[in-house]
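Undergrad: Need the 3D shape of this:
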Amino acid sequence: HVQLVESGGGSVRAGGSLTLYCAASRFFACMGWFRQAPGKEREGVANILSAGSTTYADSVKGRFTISKDNAENTLHLQMNSLKPEDTAMYYCATVVAWQACAIARQYNYWGQGTQVTVS
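TA: Residues are numbered from 1 along each chain as shown. The predicted model follows:
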């Protein structure tokens, strides 16, 4: 059984920063951060392959940075220059098949989420 536990969410003023953490019992080929705001569909924020290559949603490029610590099995999301539209529940997830890295519904394991509120 794979467990993912997010932390680091909170409330911050626009322009501020937060770092999200995801502790995992294990990661697979691709790890990703997703978010879902009330009344909106879940969207991909960023993902990182086990080899280290990263992909970002256009809305967060230049502001967010995804990284991982293989030794600690942790995934991070550094979020800078936060905007009110970044307000959402943020989830980390991992998928077995690297080909499915960009497809949220293909992810096999999900955390419970951590709330980010930007005012």
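Undergrad: Please identify the helix or strand for the residue most central in space within the chain.
TA: The chain has Trp33 as the residue nearest its centroid, 1.9 Å off, counting by Cα atoms, centre = their mean. Under the criterion of DSSP states H and E, Trp33 resides in strand 30-36.
Undergrad: chain center to that strand: distance?
TA: Computed by Cα atoms, centre = their mean, to the nearest Å, the chain-centroid distance of strand 30-36 equals 4 Å.
Undergrad: what do you get for stretch 18-34?
TA: On Cα atoms, centre = their mean, the centre of stretch 18-34 falls 6 Å from that of its chain.
Undergrad: buried sites along that stretch?
TA: Within stretch 18-34, the residues scored as buried using 16 or more other Cβ atoms under 10 Å are 18, 20-24, 27-28, 30-34. The C-beta positions use only the backbone N, C-alpha and C, and glycine is treated the same way.
Undergrad: can you give me the mean pLDDT across that stretch?
TA: Averaging pLDDT along stretch 18-34 yields 95.
Undergrad: Likewise for stretch 89-108?
TA: Mean per-residue pLDDT for stretch 89-108: 91.
Undergrad: how about that stretch: buried residues?
TA: Met89, Tyr90, Tyr91, Cys92, Ala93, Thr94, Val95, Ala100, Cys101, Ala104, Tyr107.
Undergrad: how far does it sit from the chain's center?
TA: Chain-centre distance of stretch 89-108: 10 Å, with Cα atoms, centre = their mean.
Undergrad: cool, and stretch 46-61?
TA: 9 Å.
Undergrad: Could you work out the end-to-end span of it for me?
TA: 9 Å (Cα to Cα, to the nearest Å).
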